[in-house]
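> test case, fold it:
(one chain, ligands or ions: 1)
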Amino acid sequence: MEPNSKHKALWGGRFEKSPERFTQEFGASLPVDKRMWRGDIKGSIAHAHMLDAQGILSHEDVVAIVDGLEKIKAEIDAGEFEFDINDEDIHMAIESKLIADIGEAGGRLHTGRSRNDQVATDTHLYIKRLSHVLAGHLLELRLTLIDVARKNFGVVMPGYTHMQKAQPILFSHHMLAYYWMFSRDFKRMTNAFEAADILPLGSAALAGTTYPLDRSFVADELGFSRIYPNSLDAVSDRDFLLDFTYACSVCMIHLSRLAEELILWSTDEFGFITMDDSYSTGSSIMPQKKNPDFAELVRGKTGRVVGDLMGLLVMLKSLPLAYNKDMQEDKEGVFDAADTLEDCLRCMTGMISTMRVNEGRMRQGSLGGFMAATDLADYLVGKGVPFRRAHEIVGELVLSCEKEGRTLQSLTVEDLHAHSDYFKEDALEAVDIDKVVSKRTTVGGTGHSAVENQLEEAEALYNLDTELLSTF
Ligand code: ARG
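Here you go, the predicted structure:
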């Protein structure tokens with residue numbers, strides 16, 4: 001392969017040969033990190049302003065640098081900037097263009113700075129942005145879940161344990177369970193924002209610098225609320241990326257659980273929901289098919305996001321201080337996790353807001369499975385029977401119903417009486433499915449009044465979190 005001589009590296013002074021094309025490409029991160037260009041320019045402008053304020057560079061040089069950077073920003077924004085793989089990364093792409101455009105003054109920008117604190121700063125800025133965007137998508141999904149819970153208030157469905165019918169619940173209660181999961185994801189996402197809200201710039205390569213930098217000046221201009229107190233830690237810390245990717249992973253796990261239920265519920269066997277056509281696909285051979293592809297994709301993409309987290313964890317394991325090139329591998333997985341989660345959140349919000357809730361199928365499902373059995377036992381307890389004995393009596397009752405192919409709701413008082421004298425006329429009420437649900441009024445329970453309170457609590461937290469995000 002021909003040595004590459006077209007472009008002399010910014011560190012070219014100490015080298016007699018340029019790298020070969022292959023190693024140049026192997027070592028480059030430009031294709032991955034070029035999306036951080038906005039933060040890179042913002043960070044460079046803040047650095048230049050500070051060098052001016054501290055009298056480290058002349059005012060004329062700084063004006064030329066800032067004008068040059070603004071011009072590059074406009075070019076990238078307009079899609080006119082030519083990215084060249086000879087530039088290893090976005091930092092060098094912008095700096096070498098600046099030097100080509102404005103000459104000597106451009107060569108002064110990097111005074112008191114290293115790419116090590118520069119890349120860390122860019123990444124912190126970018127994670128602040130990504131976590132903000134994702135937290136916004138989480139709010140939308142949460143609002144959608146509240147809406148669906150409100151709209152379908154009163155719809156009864158079977159609740160499951162071990163995938164066996166257990167006790168009837170409100171469909172709204174089931175939806176709100178996910179609401180709380182995504183509320184915790186929101187918290188994790190805003191925690192990730194806060195973990196990224198600390199400035200590395202001013203740490204230089206690893207040890208700080210001899211120039212009288214003003215790190216607070218840069219932190220203020222870039223909107224960081226804190227400054228790393230240790231230069232080694234500043235350039236080596238990727239915990240904020242772990243926090244962010246962990247937040248993405250847990251959220252994907254939650255999405256995958258919801259996706260799985262939607263897939264199950266839209267089967268012919270369940271029929272609890274009908275997925276909207278816009279979130280389904282057909283089959284190339286079977287004309288009748290309507291597949292929940294998008295829910296399956298959300299479920300399937302969970303693996304890659306968790307993989308992104310694993311990749312990052314293992315990349316960091318045993319890395320000595322301070323910067324090591326291994327760390328260049330951090331961004332690809334993190335960006336993939338962010339992009340994947342964003343798509344999945346949007347998709348889930350769309351699926352939930354457009355699906356049809358089949359109340360009749362859910363009610364029908366709630367009558368099977370002897371789900372009022374606990375309530376019948378509780379009825380006997382109310383008549384003074386010890387719970388263990390009541391459990392046994394109702395167990396025998398269920399067994400005989402099962403043998404005769406009957407539901408608990410089809411039993412007469414005489415049928416009940418045959419199993420225990422304690423069963424009176426009012427025992428029939430104990431198996432009424434709506435009453436079984438509405439009696440569960442403990443805080444956090446599925447009873448109508450408890451779920452109404454829960455909805456209010458969910459709305460209050462949604463409003464608080466919306467307000468919180470607007471302050472970020
Ligand atoms: N492209 C590098 C990265 O993403 C930038 C930092 C390079 N620093 C260095 N000393 N090679 O991590």
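> please make it C-alpha for all contacts and neighbour counts, starting now.
Will do.
> contact partners for residue 109?
Residues near residue 109 by Cα atoms under 8 Å, 6 or more residues apart in numbering: 44, 47-48, 65.
> what are the phi and psi values at it?
With angles defined as degrees, to the nearest 10, residue 109 sits at phi -60, psi -40.
> same question, residue 290
Main-chain dihedrals, residue 290, degrees, to the nearest 10: phi -140, psi 110.
> that one contacts residue 281, correct?
Yes - between residue 290 and residue 281 there is a contact under Cα atoms under 8 Å: 5.6 Å.
> the two: which has the busier surroundings?
residue 290 (18 against 14; other Cα atoms under 10 Å).
> nearest spatial neighbour of the more buried one, chain-adjacent residues omitted?
Leaving out its chain neighbours, the residue that sits closest to residue 290 by Cα to Cα, 6 or more residues apart in numbering is residue 282, at 4.8 Å.
> what about the one you found, neighbour count?
Neighbour count for residue 282, taken as other Cα under 10 Å: 14.
> same check on residue 361?
Close neighbours of residue 361, defined as other Cα under 10 Å, add up to 16.
> that one and residue 267 touch, don't they?
No - between residue 361 and residue 267 there is no contact under Cα under 8 Å: 11.6 Å.
> before we move on, the earlier item: got the contact list for the residue nearest to residue 290?
Neighbour list for residue 282: 288-291 [criterion: Cα under 8 Å, 6+ apart].
> which phi and psi does it have?
According to degrees, to the nearest 10, residue 282 has phi -100, psi -170.
> contacts for stretch 404-420 next, please.
367-370, 372-373, 393, 396-398, 401, 423-425, 427-428, 431-432.
> give me the nearest residue to the residue of the stretch 301-450 of the chain found nearest the ligand, chain neighbours excluded.
Closest to the ligand within the stretch 301-450 of the chain is residue 328: 3.5 Å, counting by Cα to the nearest ligand atom. Of all residues not flanking residue 328 in the chain, residue 29 sits nearest, at 6.9 Å (Cα to Cα, 6+ apart).
> give the contact list for that neighbour.
Contacts of residue 29 (Cα under 8 Å, 6+ apart): 88-90, 328.
> any idea which helix or strand carries residue 65?
Residue 65 belongs to helix 59-77 when elements are defined using DSSP states H and E.
> other SSEs contacting that helix?
Secondary-structure packing of helix 59-77 (3 or more Cα pairs under 8 Å, 6 or more residues apart in numbering; DSSP states H and E): helix 37-53, helix 90-102.
> need phi/psi at the residue nearest to residue 328.
Backbone geometry at residue 29, expressed as degrees, to the nearest 10, gives phi -120, psi 0.
> before we move on, the earlier item: identify, from the contacts of residue 282, the entry nearest to residue 76.
Residue 76 has its nearest neighbour among the contacts of residue 282 in residue 291, at 41.3 Å by Cα to Cα.
> mind checking pLDDT for residue 443?
Note on residue 443: pLDDT of 97.
> one more: the one 10 residues further on?
At residue 453, the predicted lDDT confidence score is 98.
> where's it, which helix or strand?
Following DSSP H and E, one finds residue 453 within helix 448-470.
> most centrally placed residue in the protein?
Centroid-nearest residue in the chain: residue 248, 3.7 Å away (criterion: Cα atoms, centre = their mean).
> from residue 417, how far out is it?
Relative to residue 417, residue 248 is positioned 56 Å away (Cα to Cα, to the nearest Å).
> just residue 357 next, same as before
For residue 357, the distance to residue 417 equals 38 Å [Cα to Cα].
> so the two - more neighbours on which side?
More crowded of residue 357 and residue 417, by other Cα under 10 Å: residue 357, with 21 against 14.
> quick check: the more buried one touching residue 274?
Yes - at 6.7 Å, residue 357 counts as touching residue 274 under the criterion of Cα under 8 Å.
> ok, which residues in the stretch 301-450 of the chain are in contact with the ligand?
Contacts of the stretch 301-450 of the chain with the ligand, taken as Cα under 6 Å from any ligand atom, map to 325, 327-328.
> out of those, which are buried?
Among those, the ones that count as buried by 16 or more other Cα atoms under 10 Å are residue 328.
> how long is stretch 19-34 end to end?
End to end - Cα to Cα - stretch 19-34 spans 21 Å.
> what of stretch 280-300?
For stretch 280-300, the first and last residues are 16 Å from each other (Cα to Cα).
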